[in-house]
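Visitor: Fold the following for me, if possible:
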Amino acid sequence: MATSEQLGYNMSSLPDLEKNEQGCSMPLDNRRQEMIEQGPSIFDMIKAGLLVPLQTMIEHLGPEVLSRRDEKGHTPAHWACLGGHTVILRHLIDCKAPINLPSEDDRKQKPIHWACVNGHIQIVDILLQAGESIDDTDAKGCTPLIVSSQYGHTVLAGYLLGKGANKDAVDVDGDTALHWAAFKGHNELMRLLVYSGLSPHHRDSYNQTPLHLSCINGNLTAVKELCEMDEVEINIEDKHQKTPLMLALGRKHMNIVNYLKEHAKQRTSFLPRIDLKSLVFGPPGNSKFALVFFIVNVLFWGYPMYLFKCLPHTYYETSGLHILFWILNVIMWICLYHASTIDPGFLPRNVPEYDEAIKRVARFIDWKQGENPLSRLCHTCRTVRPLRSKHCRVCNRCIKHFDHHCPYIYNCVGYNNR
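Guide: The predicted model follows:
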């Protein structure tokens, strides 16, 4: 972080003045103001997170300096919120600085929107405590919940929902927070929003559902999540008579195209379909190719080469090594089967602790003490993850002591098989 000296601000050359009740004093004469104006701007200080030089500037130029705007029409509060400088923001509020004025650019966003861009929960909480509206909109109609969904901040979105944000708010194009989460491919956030009551059936001004937008973006996991929800239509047409399949095909997202075709067949078939390709090589996004490649190479190349090229010429001279080789191979296949089929440490789903943690997000005291009740939640499994646990996007489960998902055993490496 930059210091006041690095910014070229010499605080020792400025005399102290008597402060008012907010810790801010009235401006000095023009000569001293000129001397201060030659240093770094108030925006440079806030961006660098320098509180002491900022206090000195306010003392000598007066609280009116906090109403200035930069060359693009942003206020000091905008930059404090974007950088997550909680101490500086509190000082701005104490000095009666404007914290709810929109920028003068095309977006007209307020400081609370900027805080949501970087997911600063404590900043948002300070703004709400200061009276800022939780459903303020910018020029595009985006609320803080929608902005946090655009940037994939699941914890902040959960906090806003717990504080009572309007989950059904839409932007100027009729898109909800779920539309944006699906479009950007924020799968965990998407699951939280659906769990919180947002409808995956909602259509925007272009008659597009979240499924349309996830197909445009090309996120297979999001498409799977939406298709597996009850009664989600996969052949619905938008304003331009385009179905999700047509949108994915037009953008050459072939993995999504194949998945949607198979899913449509399964929905229209009365009998369970047997997909030989998926049975052998695994479903889209969870391929068995590495495991199959290994087994085929060992059985149809490695062992034949050993039996016909090596064994006949060396058995009598090194019979003991050949016996050891077969014993080790039997152990290898047993270990491979064990590692591939054992439960790696799946955590239970839909635990009551998950619902309790969701209800806690609206309690300010949790955030004020530095506690984050959402940090260990998995919104896919709806569980509370212990330390060193993680959600595997391939298995779509939370794993205790998760290490990685190994394609050569077609399983995760976790607590039970490490």
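
Visitor: C-alpha from now on. contacts and neighbour counts both.
Guide: Fine.

Visitor: Go ahead and confirm residue 410 touches residue 292.
Guide: No - contact criterion CA atoms under 8 Å: residue 410 and residue 292 do not qualify, at 9.5 Å.

Visitor: Neighbour count for the two, which is higher?
Guide: Neighbours per residue (other CA atoms under 10 Å) separate residue 410 from residue 292, with residue 410 holding more: 22 against 18.

Visitor: Can you give me the separation between the more buried one and residue 416?
Guide: As judged by CA to CA, to the nearest Å, residue 410 and residue 416 stand 15 Å apart.

Visitor: same thing with residue 390?
Guide: 14 Å.

Visitor: neighbour count winner among those two?
Guide: Set residue 390 next to residue 416 and count neighbours by other CA under 10 Å: residue 390 wins out with 22 against 16.

Visitor: contacting residues around the closest residue to residue 350 other than its chain neighbours?
Guide: Nearest non-adjacent residue to residue 350, counting by CA to CA, 6 or more residues apart in numbering: residue 382, 4.8 Å away. Residues near residue 382 by CA atoms under 8 Å, 6 or more residues apart in numbering: 349-351, 354.

Visitor: any idea where the strands of the chain begin and end?
Guide: Per DSSP state E, the chain carries strands over the ranges 377-378, 383-384, 390-392, 397-399, 404-406, 411-413.

Visitor: Can you tell me which of the ones you listed is nearest to residue 138?
Guide: strand 377-378 (30.3 Å; CA to CA).

Visitor: So what's the gap between the closest one and the chain middle?
Guide: Relative to its parent chain, strand 377-378 has a centroid offset of 12 Å by CA atoms, centre = their mean, to the nearest Å.

Visitor: Can you check what pLDDT the model gives residue 393?
Guide: Residue 393 is assigned 81 on the pLDDT scale.

Visitor: and it, how many neighbours does it have?
Guide: By the measure other CA under 10 Å, the count of residues near residue 393 is 14.

Visitor: Rebuild the strands of the chain as CSV, extending it with distance to residue 131.
Guide: Formatted as CSV, the strands of the chain follow (distance: least, CA to CA, whole Å):
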stretch, distance to residue 131
strand 377-378, 29
strand 383-384, 32
strand 390-392, 37
strand 397-399, 39
strand 404-406, 45
strand 411-413, 47
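
Visitor: Now do the same contact list for the residue nearest to the spatial centre of the chain.
Guide: When CA atoms, centre = their mean is applied to the chain, the residue found nearest the centroid is residue 152 (3.7 Å). For residue 152, the contact set (CA under 8 Å, 6+ apart) comprises 181, 184, 186, 189.

Visitor: Same question for residue 97.
Guide: 63, 66-67, 77.

Visitor: Go again with 10 Å.
Guide: Contact partners of residue 97, counting by CA atoms under 10 Å, 6 or more residues apart in numbering, are 63-68, 75-77, 89-91.
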